[in-house]
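Colleague: Using only what follows, build the 3D model:
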Amino acid sequence: MNSIYRQLCLDHKNMQQMLNAFEHLLQDLFGDSERDPNTLSLILDALDYFSVYPDRYHHPVEDLILARLLTKPVHDRNAIYEAQMQHEQIAATTKHMCALFYAVANNAMVERRVLQGASRAYLQLQRSHIDLENSIIFPQIEQYLQVEDWKQIRRQVEEIKDPLFNKSTKNIYESLHEYLTQPEQPIKAFA
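Modeller: All right, here's what the predicted structure looks like:
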């Protein structure tokens, strides 16, 4: 398996975990029980991750691969076009989500139902996108892209300074990922 493709698969796994953690944070925010004061800050951190890593690094690399894939006799071109359109839609929706939650953080009035509806739609969009790529796009990548294709893709990725493998950027988001996806620690009673 090509290292770029392997990284994309790992990214999807990590993004699914981040989406699960993000959903738990939203449940904490909208729940009736007492909320952790760090919840909103963690939501903003997660949205920062979703606006930076996938939109600036992961999706541009996927777009290079999808463009290459379209030169092949693939069996589901519509799914490829859909994935490309979803990349743009995800970027716009993430920007909207950031605006909503930064407004909340700055004590602006945002209706709860608007925030909840936008959050549900956002999670659905992200998850359906990952599912589309995992179930339809990635199998076509495996089937049609050959060693020479990956060499061409690697050259293009290197031309954009290969941010997908930038260690400092990865370290920032790996720390966030570890924090948000760590198993909940049992609450210890103090005597």
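Colleague: which residues of this protein fall in helices?
Modeller: With helices called from DSSP state H, the chain shows them at 3-30, 39-52, 59-69, 77-105, 112-132, 138-144, 147-159, 167-181.
Colleague: same question for the longest one, mean pLDDT?
Modeller: Looking back up the chat, that one is helix 77-105. In this model, helix 77-105 has an average pLDDT of 95.
Colleague: re the thing from before, can you lay out the helices of the chain as TSV showing mean neighbour count?
Modeller: All C-beta atoms are positioned from the backbone trio N, CA, C, and that covers glycine. Shown next, in TSV, are those (neighbours: other CB atoms under 10 Å):
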stretch	mean neighbour count
helix 3-30	17
helix 39-52	18
helix 59-69	19
helix 77-105	16
helix 112-132	15
helix 138-144	16
helix 147-159	13
helix 167-181	14
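Colleague: Lowest average pLDDT across those?
Modeller: Looking at those, the bottom one is helix 167-181 with a mean of 65.
Colleague: Just give the number of residues close to the closest residue in space to D76 that isn't next to it in sequence.
Modeller: Of all residues not flanking D76 in the chain, I136 sits nearest, at 5.6 Å (CB to CB, 6 or more residues apart in numbering). Burial of I136 is recorded as 17 neighbouring residues (other CB atoms under 10 Å).
Colleague: Would you enumerate the residues in contact with the residue nearest to D149 when sequence neighbours are not counted?
Modeller: Nearest residue to D149, sequence neighbours excluded (CB to CB, 6+ apart): R68, at 5.4 Å. Each residue near R68 by CB atoms under 8 Å, 6 or more residues apart in numbering is listed here: L145, D149, Q152, I153.
Colleague: where's R68 relative to D32, distance?
Modeller: 50 Å (CB to CB, to the nearest Å).
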